[in-house]
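Undergrad: give me a model of this one.
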Amino acid sequence: MKRISTLCSKSWLLAGAAGLTTVLATPAIAQDADEDEAQTEAEAEDLIVVTGSRLQRSGLDAPTPTVSVGEELIEAKGITNIVDLLNELPQISTGFSNANTSFSFGNIGLNQVDLRNLGVRRTLTLVNGRRRAGTPDDSNFLAFDLTGIPTALIQRVEVQTGGTSAVYGADAVAGVVNIILKEDFEGLEAYANYGVADEGDYTTRSYGATFGSNYERGNAVFHISRSENSELQRRDRGLETAYDFVSNPANTGADDGIPARIPLRDLRFAYFGIPTITTSLPYGTDGAYTDVIFDSGLNDFRPIEAGPRGVIDGSYSLGEGGDQGRDTLIAPTERTSLYGKADYDLTDNVTVFAEAIFADINARDRIGSVFDVFSTFISVDNPFVPEAVRETLLANDLNGFSYTRQHDEFGRRGTDINRKYYSLAGGFEGTLGDSWNWSAVYEYGKSQTINRNLNDRLDERWFEASDAIRDPDTGQIVCRSLDARARGCVPVNPFGEGTISQGAVDYIVADHTTTTDTSQTLVQGLLSGDLFDLPAGAVKVSAGLEYREDKIDFRPSYVWENALGFFASQFSPVNESNVVKEAFAEVLIPILSDKPFFETLEVEGAYRISDYERAGAVNSWKIAGQWAPIRDVRFRVTRAKAVRAPSLGELFDPGSRGAAGLDDPCDPLLLESGTANRRANCAALGLDPVGFNPDTRRMTTLVFTTGNPDLEVETADTFTAGVVVRPSFVPGLAFSADYYKIELEGGIDRIGAQQTLNNCVDLPSLSNQFCEFVDRGADGNIDEVLDSYINVSGFEVEGVDFELNYNTQIADIFGGDEDLGSFRIRALASYLKDNIFIDQDLVSGEETPFDDAGESDNPKFRFTGTATYSNGPWQVNWSSRYIDGTVTNNDLENPQEDVGEFYDIPSVWYHDLSMAVDINETFRLNGGVRNLFDTSPRDHPFTRRGSSAYDDLIGRFFFVGATMKLGS
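TA: Numbers count the residues shown, from 1 in each chain. Model (predicted):
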């Protein structure tokens, strides 16, 4: 029986626009015109649903451009995490992955997709065509975490960008990622994979099995698997020290043609990461204040040996100082996955099915111990103050001093996160008459995140323990506060390394746990079929109803809820829900067929009305058309309106107060790093363009983040137009080019504290809402920055996607009857014309565009390609990806005045090689090398750290695997 389902029954589906996209498990394009026609007719007889539409049709007639990644490519790349492969596609930007979530606490181990660089919040991820419960990030935004889906269970992943909101609803502004799992499985398939970096310091392993059986009226399948990857620390890749832009001592001022900043390597931190006191005291020549470090051997301070320039920009040292060598670069992750599905034909026309998914994921992040950056004052009468230091303080009429120190005695800070994902679904599907299909589904999904923070500092206790005196009665050193002593306060001695006692550590340090439960209840009914026949074919319709309820229950630890911890970070509990009721429909109308200049002409439309409990009623729509003047050429166009309602996280982010390392844009070193307005606006704030020495050079800044229950729906207009060419005179060749443009208004954004600071002074005047979010003290330094969600931003993304496929038998090229094997090539490329972020002033309504296309995380051109040779049991695969060169900042009028030649960031090209062989019908071996030439991250301060998914942090990586199959 044919069923309406996004889970397609044929593993060789030609997914993608007009059949262009290759599912590498089998040839994507027929070998000659006759075979091509036969394949088209065969697919037409077994209609399926392709991502981007709920109408049943052949894969050759996919409605909009779609890119597919098949199981064979997953094996060829030795991938254990599907996001690592998806991030290589040119349409996908840097979302969340193991490569970029370290040092983020709540995001560690998350894997979420970002299409078109519009954010994971505007990318909808489906599993078998249905929404699933989201997993929260550190701001409680819910998006599906792909970590929970084992790669061995994936048949293919379809990525469709633009024009899908009317089909799938909110969150699909940028497009849809549809993970299609294997079904109708019979027999046993077991596998094991192992990978190791060339350096031998990073490994991955995965193993599992899938069992399936057909019975008289149905099929059942069960899967169990486990995957693990080890930790990689920053020191493992020579990234323990900083490579950053610092002030150029040769710079004489504005418009001198000399860069204001130059890059320096091997920078250590003069006031960070050092497990003993550093500060500024009158230890210089003639009692001048200078940067000093406490030397246990001298039992006194001495000047820091910071190199020929001294302490650079108040932060860096080219000599002694701290580093981040033990910080996590790639988080160790463990995943256990279970999947089961069964169906049973109640009658010839009705089938009942049930599905269950479970994933248990553990990830770990470690960074340096808690620290002070001039936030703790030590009094001259503190008995731990060495006598030589006390004499210097008294000689200079000082009653004490503030200092910086990393407190290694407390242990490394970190996060242990456990995420559990559950999904239970069941329903009925069937047929009515000759062409109608229906389905009714109930699904409940839940995600539970347990976030355990390690070695946090209880600040009240820290400051109590730091204020020590000598008890006049006992002569013992004790905490000054009597109440603190009654609670067991143990005084802190910060002078030297390892001097804080275990008793003080036990009094001050705490581990604490925060839990977030999210759930989604989904009820969906679908009906599709042929409404009536026209001369060119049947008019197809699809309609449905959907009810969805999302819930979040955020329970912060006692430390976070009461702002007891490091930097007094504070979070409030949240227990909220949101309900949406939706109705939607699609129609496909064939107008002409098999006519001169009209091989095919058809139009289609879709409409969705959504009633949100929190945002009210909104609608979205799509109008599309396809015209093939001849069989070899097909033109397609889509115009759509997309909507995205504010999420629970954006509406009800509980608000948190914490500290962040920010740059003051009015720092004299950064006046040339923004728009032409920056210098004048900073002067209007009364800040000296030469002598201002902001606190941001030495210490973190208080940031308050919060949600906004008054947010409105954001809307987007999307447009795509393209051509598909399949020349019959070159069998096996296909090419497509598709133009796209997405214009989003009223975008919900919390643009970040740094961007808020920059916008305040980069906009034409200081009369803008961003300056209202910045609180400066009387001395001009930043006291606090508010970072809240607002409907203020707009986005315009525009570009062109290209795809080329060629599949042929070697004998067809060179002639002869001998079977020389087959060869196929697939190339995907994307050109980004514009990626514009629009700042809109809520007071004046003035809009200021910032085009990020061509900047560091927005390369204008990306390419990925694969070449596969198959001959009998052997298969060899070569794949490459290219990232175009970028620049540091498009908004600079004169880059030479900022960073000079380092304005340009180089391109990078990576290559992978793999091989597989079928030993017999039961056993298959595969292996290969990723990053074959051991290409490092690009040599530039913006990319050397590898902060995006574009740069490979691991280096050359070897992998091997084996698969055993029993049964059909």
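
Undergrad: every contact and neighbour count from this point should use C-alpha atoms.
TA: Noted.

Undergrad: now the strands for the stretch 401-550 of the chain?
TA: Taking DSSP state E, counting those that start in this stretch, the strands of the stretch 401-550 of the chain run over residues 413-432, 436-457, 468-470, 477-479, 509-534, 537-555.

Undergrad: flag the shaky bits of the chain, pLDDT-wise.
TA: 1-63, 98-99, 101-105, 567-568, 654-655, 657-658, 841-845, 946-949, 968 (pLDDT under 70).

Undergrad: centre of this structure to the edge, which residue is at the far end?
TA: Of all residues in the chain, Asp473 has its C-alpha farthest from the mean position, at 59.7 Å, by C-alpha atoms, centre = their mean.

Undergrad: take the strands of the stretch 401-550 of the chain and write them to a markdown table, including mean neighbour count.
TA: Shown next, in a markdown table, are the strands of the stretch 401-550 of the chain (neighbours: other C-alpha atoms under 10 Å):
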| stretch | mean neighbour count |
| --- | --- |
| strand 413-432 | 21 |
| strand 436-457 | 21 |
| strand 468-470 | 20 |
| strand 477-479 | 22 |
| strand 509-534 | 19 |
| strand 537-555 | 20 |
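
Undergrad: of all those strands, which lies closest to Leu181?
TA: Each of the strands of the stretch 401-550 of the chain has some distance to Leu181 by C-alpha to C-alpha; the shortest is strand 413-432, at 14.3 Å.

Undergrad: output the contacting helices and strands for that closest one.
TA: If contacts are counted by 3 or more C-alpha pairs under 8 Å, 6 or more residues apart in numbering; DSSP states H and E, strand 413-432 sits against strand 350-367, strand 436-457.

Undergrad: re earlier: now render the strands of the stretch 401-550 of the chain as JSON lines, adding distance to Ser165.
TA: JSON lines is the format used below for these (distance: least, C-alpha to C-alpha, whole Å):
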{"stretch": "strand 413-432", "distance to Ser165": "23"}
{"stretch": "strand 436-457", "distance to Ser165": "20"}
{"stretch": "strand 468-470", "distance to Ser165": "62"}
{"stretch": "strand 477-479", "distance to Ser165": "62"}
{"stretch": "strand 509-534", "distance to Ser165": "16"}
{"stretch": "strand 537-555", "distance to Ser165": "14"}
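
Undergrad: quick one on the thing from earlier: including distance to Leu110, could the helices and strands packed on strand 413-432 go into JSON lines?
TA: Formatted as JSON lines, the helices and strands packed on strand 413-432 follow (distance: least, C-alpha to C-alpha, whole Å):
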{"stretch": "strand 350-367", "distance to Leu110": "9"}
{"stretch": "strand 436-457", "distance to Leu110": "11"}
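
Undergrad: out of the ones you listed, flag the one nearest Trp874.
TA: Closest among those, using C-alpha to C-alpha: strand 350-367, at 34.2 Å.

Undergrad: just how off-centre is stretch 647-662 within its chain?
TA: Stretch 647-662 sits 18 Å away from the centroid of its parent chain (C-alpha atoms, centre = their mean, to the nearest Å).

Undergrad: go on, stretch 897-907?
TA: The answer for stretch 897-907 is 26 Å, by C-alpha atoms, centre = their mean.

Undergrad: first-to-last residue distance for that stretch?
TA: One end of stretch 897-907 to the other measures 23 Å (C-alpha to C-alpha, to the nearest Å).

Undergrad: and what of stretch 378-386?
TA: 12 Å.

Undergrad: now it: buried residues?
TA: Judged by neighbour count using 16 or more other C-alpha atoms under 10 Å, the buried positions of stretch 378-386 are Ile378, Ser379, Val380, Asn382, Pro383, Phe384, Val385.

Undergrad: now, these that are in helices?
TA: Under the assignment DSSP state H, these contribute nothing to helices.

Undergrad: distance of the residue farthest from the centre of the chain from Ser466?
TA: In terms of C-alpha to C-alpha, Asp473 sits 20 Å off from Ser466.

Undergrad: returning to that earlier point: out of the strands of the stretch 401-550 of the chain, which comes closest to Gly686?
TA: It's strand 436-457; of the strands of the stretch 401-550 of the chain, that one is closest to Gly686 (C-alpha to C-alpha) at 37.1 Å.

Undergrad: partners of that closest one, with directions?
TA: Using DSSP bridges, the strands paired with strand 436-457 are strand 413-432 (antiparallel), strand 509-534 (antiparallel).

Undergrad: quick one: it to strand 350-367, angle?
TA: Relative orientation of strand 436-457 and strand 350-367, computed by axes from the mean of the first three to the mean of the last three C-alpha atoms, to 10 degrees: 20 degrees.

Undergrad: roughly how far is strand 436-457 from the heart of the chain?
TA: That offset, for strand 436-457, works out to 18 Å (C-alpha atoms, centre = their mean).

Undergrad: how about stretch 120-135?
TA: For stretch 120-135, the distance to the chain centre is 14 Å (C-alpha atoms, centre = their mean).

Undergrad: can you list the buried residues in that stretch?
TA: Applying 16+ other C-alpha under 10 Å to stretch 120-135 flags 120-135 as buried.

Undergrad: tell me the one of those residues nearest Asn708?
TA: Closest approach between the buried residues of stretch 120-135 and Asn708, by C-alpha to C-alpha: Arg121, at 15.9 Å.

Undergrad: with adjacent residues omitted, what lies nearest to the closest one?
TA: Asp171 (6.3 Å; C-alpha to C-alpha, 6 or more residues apart in numbering).
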